[in-house]
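Student: With the sequence up front, the predicted model follows.
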Amino acid sequence: MLEAYRDRFRWFGFIILSLISMMSFAQVKVPTQQYAFPFKHIDVSNGLANNHVSAIMQDRKGFIWIASTALQRYDGTNFLTVADFNRLPGSLFYEDIYLFEDRDGKIFIGTPINIQVYDPLKGRTKVIPLKMDASNIPVALGCRTFIQDHTGTIFAVSDYGLLEYDSSSNAFFKSKILPTELQPSIQAALMEDNLGQVWMSSKDEMLILSRDRKQIFNAEHNPHHNPVLDIKTSFKQCYQDAKGFIWLAGRDNHLYKYDPVKNQLESFRFDNPDLHPLPGGYRGERTFDITSDTKSNVWIATKQAGIWRYNSQTGIFDVNIMAHNHDDLGLHYNYESNCFLSDRDGHLWVGTDAGVNIVSLHNQSLYRLDHRTRFKNTGARLPRSEVTGLFQSSTGDIFIGYWGQGFSRLDSQLQLQQNYIYDRQNKPGSIPEEHGLVWSFAELPNKTVLIGQENGWISQFDPVTRKMRHSQPPQFAEQTVLKLYPENDSCVWVGLYKIGLAKWNPQSGEVQNYPSILKNFGKSVTVMDITRENDSMLWISTNTSGVILFDINKGLVKQNITFWQPNHHFINNVSALHRFNDTSLLVGTDHGLFLYNAPKQSYKPVNIQETPFDEWVLSMEGCKEGNHVWLTTPNGFYKYGLQEDKLTTFVQNDDIIDNRRKIRRSIARMQNDNLLVGASDHIIVLNPGKLDVAPSPPDVTIVSLSSSGEQIDIDAAIASNTAVHLEPKQNFIDITFKSLQYHHEPVRYYYMLEGIDKNWVNAGGILVAKYTNLPPGSYAFKVRSVNTGGTVSAHTTTLLLNVEPNYWQTWWFKLMGILLLVILVYAYFRLRLYLVKRRERERAAFQKQIDQLEMKALRSQMSPHFIFNSLNSIQKFMLQNESEQAVDYLGRFARLIRSVLDHTQSNTITIAKEASMLENYLALEQLRLANQFEYDIYIDPVIDKDFTEIPTMILQPFVENAVWHGLYHKPGGQLKVHFLREGNAIHCIVEDNGIGRMAARSMKRNNGHSHLSKGLQITRDRLSIYNSRYNLNASFDIEDLVDADGNATGTRVNIWFPLITD
């Protein structure tokens, strides 16, 4: 019973609250607006898959993603189809697609039957599975929207309830943050507010999840008395704007605005008179989407009541744009506006069932006047034609000249007063020029406005009587009046097409031509602009002869100035002049600006980052500040400062950057300091004080990479900052790049491929970099953009490339080739060395054999010599009957002979054995000479006598000579044989105190001996062979010893051997 009363009380309370809420409902009135927003359009004729657009999104790179019957990526020029949802050609089965980009750059796609994801790292789309029992998986999922909350968790609303994404298993599952009984009631709206609370719509109310996801607030649990929770309806959209207001699109055809700070709720409804009224006469339209523009204004898309703007400053809906399918600049839809996108450049994209509509909202301080503009107190509209001239008179009237449509006059409040066009009957308010071509305006001191036209016509407009009188001086030769420069009421300088300059008196009609200008150049001259230099001189700009300083008193050309730039050579098409002071004249040409110094007769180009400003200057107008000037080009307007010598560009929407012809595009300053700028078929009114300086252009995006026409996937490489690997045959590449901005502001591009380009390359309007026959290796392609004001993009975009080599270009193949070459060269030299060494060994062995034979022959010559002498001694003992001495001698002789025989095959002998043989020999000689001499054999202790070698029996001949030629004739003789070490040599000394060599030779001659001793010669030969064989330097010398009186005291032999150890 208590529960029943509680239910009755709840429904009674709901009825009371509903009545109170209905009292605060506000029907949004259609605003009376003068401004007509111009739209551009994208539909199937431009490459869109289908005109029924259900979602538009811009990713972090700047690409626009459009969902219709396919998901397409748009770069401002081309479409790339990523996924196709249209299984039945021509059907609209997938009419509701939802797009969402997570923080990793993956794009989630919600469709009626599943959820898909496009991964740019892998460059493909795949279906995300559902983690639930197979029996519970619905046939049609009906996914409606996504969010990623502050924790990074991704939620999706579907017909199955609230889903949660598990990135580890790449699957969605039924979220557990909601009770099971609430899951089936969850509908479309889903949002996380600035406090981290999640708002979601159920079938008949809004639910709010607390930041920690532990509490659910609804009508039954509403401790903060949130009025939104008391609304009994479901919601299609939920959106929080920049100021924190929460907007809710109710399915009860109301739009709600909730202020969370004040806890206040407002509601709005958009009536459509074409609908059948609901009970109570209500004809409200349903809201489909909500977004904000760059100025924080909120835009509402309705089903058939068009789109609405809520002005965040005034707090009212001040713009309503309905469908105008017949207007090529209007909003196009048949039944509904489905979705919004407010892009990063300030465009509002509207997806409808007639394609995509794009309106520029860059600078909403700009005010456009065109053929669609509605004016107060008149049903007349402005002509739709190119604007050729703009002027505001001193009375405040604004004059707009048109190509082929005469001119229009507006008051100072920009309300249309009258259009003036050619009329055959010459009715009042008509102009005489039959083609309606108006080119120039000026005002006389008496406030009469002059209108220069085609075919030499000038009309004089009286601002008081609003009447005109017309003149066509024959001296004008029916040429176009391009410039009017009044000096006073009776003197107007006229710039004419082809025939130069004329002076016209509006009062008397007198005209003076100056044919000297044409004669000076020998050709026709068109005067584009005129300004004063002094009382007698005029500056005149021409389209073929540069700038002319003209002496009006003498009627002569005083000076002619043309300009020069490296890229364009001589520039002589001068369209506009502005004189700052007596020194500085600013000259606008078809290739930029030049500042001319009149006293110095010199000029310099106006540069942007050291590069000449290279645009066609169409018109110039002085600023309120005397040292600044406004100027227009085909790509917008700029401000030049003389003192700073700097150009400034501003945020401009497509209303400004829209001149498809380079005719005049005038600029004029109004009395309230606002500017009027002419464009292709409209004019723009702007407040210079509210202009925003243009920021850096968007970073350049690498759109595509192709090789020989074949596209190469680069998304994964760019996202992970890794190199794109190219096969050897893919070394002919085209790289397409672009700053992803979706209006016509010109951007210059500079690129370079590190390793190929030494300097930055100016793309010159061609957004493709081509490279052919790239060698294998790693490269970095870099590209950046610069806007017309010289501001460079914040970052340089880089694409890493790695061209794989052919196998014969790989390092390992080259290394193997080098190794093989090294091996071949090494083998060749080894073989060559082997052959040379073998030949040398053979030669050395042969030489060794020869040397050994020579040594043996020498030793064989020495040995008989010694034996002969020894046998003579034995014979002597036997003849003298000294048998015991003969036996002793013979024994010693036998031992000596044995030692000689033992070493006869060796070329060297140790010092110890050599000393032993010498001792045996000396003992034999001492015995034979009856101890007539003494001998001493000494070996230096530092010498290792058992391992240090000298040539065999090399000392024996010197010792023998010392005994027989020195000591034999001198009793009591002494013989020394010493072995000394001196450095790296062995010094052998054989010294006697005999009679000396001179006495010995004299005694030998006196005794009649003719025998020639061969011992010394044999020793010399042995040493020579020894040195040659072993590459040594053994030698000996003989020294005669004398006393102080010069008498012979003996002989010393010094023998030197290199130190050789065994």
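Tutor: Arrived safely. Numbering: from 1, shown residues only.

Student: Surely residue 874 forms part of a helix?
Tutor: Yes - assessed with DSSP: H, G, I helix; E, B strand; the rest coil, residue 874 lies in a helix.

Student: which residues touch it?
Tutor: Residue 874 is in contact with 886, 889-890, 893, counting by CB atoms under 8 Å, 6 or more residues apart in numbering. Every C-beta, even on glycine, is put in place using the N, C-alpha and C of the backbone.

Student: could you redo the last one with a cut-off of 6 Å?
Tutor: Residue 874 makes contact with 886, 889, according to CB atoms under 6 Å, 6 or more residues apart in numbering.

Student: and the gap between it and residue 916?
Tutor: As judged by CB to CB, to the nearest Å, residue 874 and residue 916 stand 21 Å apart.

Student: repeat for residue 335
Tutor: From residue 335 to residue 916 the distance is 134 Å (CB to CB).

Student: Between those two, tell me which one has more neighbours.
Tutor: Set residue 335 next to residue 916 and count neighbours by other CB atoms under 10 Å: residue 916 wins out with 16 against 12.

Student: From the rest of the structure, what touches the helix or strand harbouring that one?
Tutor: Element membership of residue 916 [criterion: DSSP states H and E] is helix 911-928. Defining contact as CB under 6 Å, 6+ apart, one finds that helix 911-928 is touched by 873, 889, 892-893, 895-896, 899, 935, 937, 945-946, 948, 959, 963, 977, 979.

Student: In strands, which of the residues you listed fall?
Tutor: 935, 937, 977, 979 (DSSP state E).

Student: surely the first one meets residue 975?
Tutor: Yes - here residue 935 reaches residue 975: they are 4.1 Å apart, a contact under CB atoms under 6 Å.

Student: who has more neighbours, the two?
Tutor: residue 975 (24 against 21).

Student: can you tell me how far the more buried one sits from residue 77?
Tutor: 118 Å.

Student: same thing with residue 209?
Tutor: In terms of CB to CB, residue 209 sits 43 Å off from residue 77.

Student: ranges for the helices of the stretch 601-750 of the chain?
Tutor: Here the stretch 601-750 of the chain has its helices, by DSSP state H, counting those that start in this stretch, at 715-720.

Student: any weak-confidence spans in it?
Tutor: When residues are selected by pLDDT under 70, those of the stretch 601-750 of the chain lie in 653-665, 744.

Student: Same drill for residue 209 and residue 77, tell me which one is more crowded.
Tutor: In terms of neighbours (other CB under 10 Å), residue 209 is the more surrounded of residue 209 and residue 77; the figures are 21 against 12.

Student: which residue sits closest to that one, ignoring its sequence neighbours?
Tutor: Nearest residue to residue 209 in three dimensions, chain neighbours excluded: residue 198, at 4.2 Å (CB to CB, 6 or more residues apart in numbering).

Student: Any idea how many residues pack against residue 269?
Tutor: Close neighbours of residue 269, defined as other CB under 10 Å, add up to 21.

Student: C-alpha coordinates for the helix or strand where it lies, CSV please?
Tutor: Assigned by DSSP H and E, residue 269 belongs to strand 264-271. The C-alpha trace of strand 264-271 is given here as CSV (Å, rounded to 0.1, in the frame of the first residue of the first chain):
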residue,chain,number,x,y,z
GLN,A,264,19.4,26.1,-14.0
LEU,A,265,17.7,24.6,-17.0
GLU,A,266,16.4,26.4,-20.2
SER,A,267,14.5,24.7,-23.0
PHE,A,268,14.0,25.7,-26.6
ARG,A,269,11.9,24.5,-29.5
PHE,A,270,12.3,25.1,-33.2
ASP,A,271,8.9,25.2,-34.9
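
Student: Tell me where the stretch 451-600 of the chain has helices.
Tutor: Using DSSP H, counting those that start in this stretch, helices in the stretch 451-600 of the chain cover 515-521.

Student: coming back round to it: these two touch, right, the residue nearest to residue 209 and residue 211?
Tutor: No - counting by CB under 6 Å, residue 198 stays clear of residue 211, with 8.6 Å between them.

Student: Settle it for me: which of the two has more neighbours?
Tutor: residue 198 (24 against 15).

Student: For the more buried one, give me phi and psi.
Tutor: Residue 198 adopts backbone torsions of phi -100, psi 120, taken as degrees, to the nearest 10.

Student: re the thing from before, what element comes up after the strand holding residue 269 heading to the C-terminus?
Tutor: strand 284-285.

Student: Tell me which strands that next one pairs with, and in which orientation.
Tutor: Strand 284-285 has the following strand partners under DSSP bridges: strand 264-271 (antiparallel).

Student: Which parts of this protein belong to which domain?
Tutor: Following automatic domain parsing, one gets these domains for the chain: 700-809, 832-1058.

Student: Start and end of stretch 736-751, how far apart?
Tutor: In stretch 736-751, first residue to last residue: 11 Å (CA to CA, to the nearest Å).

Student: Poorly predicted segments of the stretch 851-1000 of the chain, please.
Tutor: 851-867, 869-870, 873, 877, 881, 903-905.

Student: those helices in it, which residues are they?
Tutor: Ranges of helices within the stretch 851-1000 of the chain are 883-903, 911-928, 956-961, 997-1006, based on DSSP H, counting those that start in this stretch.

Student: now the ones you listed as a markdown table including distance to residue 220?
Tutor: Below are the helices of the stretch 851-1000 of the chain laid out as a markdown table (distance: least, CB to CB, whole Å):
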| stretch | distance to residue 220 |
| --- | --- |
| helix 883-903 | 130 |
| helix 911-928 | 125 |
| helix 956-961 | 137 |
| helix 997-1006 | 146 |
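
Student: got the contact list for residue 566?
Tutor: With CB under 6 Å, 6+ apart, residue 566 has no contacts at all.

Student: could you measure it against residue 605, distance?
Tutor: Distance from residue 566 to residue 605, by CB to CB: 10 Å.

Student: if we can go back for a sec, output the domains of the chain as JSON lines; include the columns distance to residue 694.
Tutor: Formatted as JSON lines, these follow (distance: least, CB to CB, whole Å):
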{"stretch": "domain 700-809", "distance to residue 694": "6"}
{"stretch": "domain 832-1058", "distance to residue 694": "76"}
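
Student: which one of those domains lies closest to residue 560?
Tutor: domain 700-809 (29.9 Å; CB to CB).

Student: Can you give me the end-to-end span of the closest one?
Tutor: 34 Å.

Student: now swap in stretch 625-635 and tell me
Tutor: With CA to CA, one end of stretch 625-635 sits 24 Å from the other.
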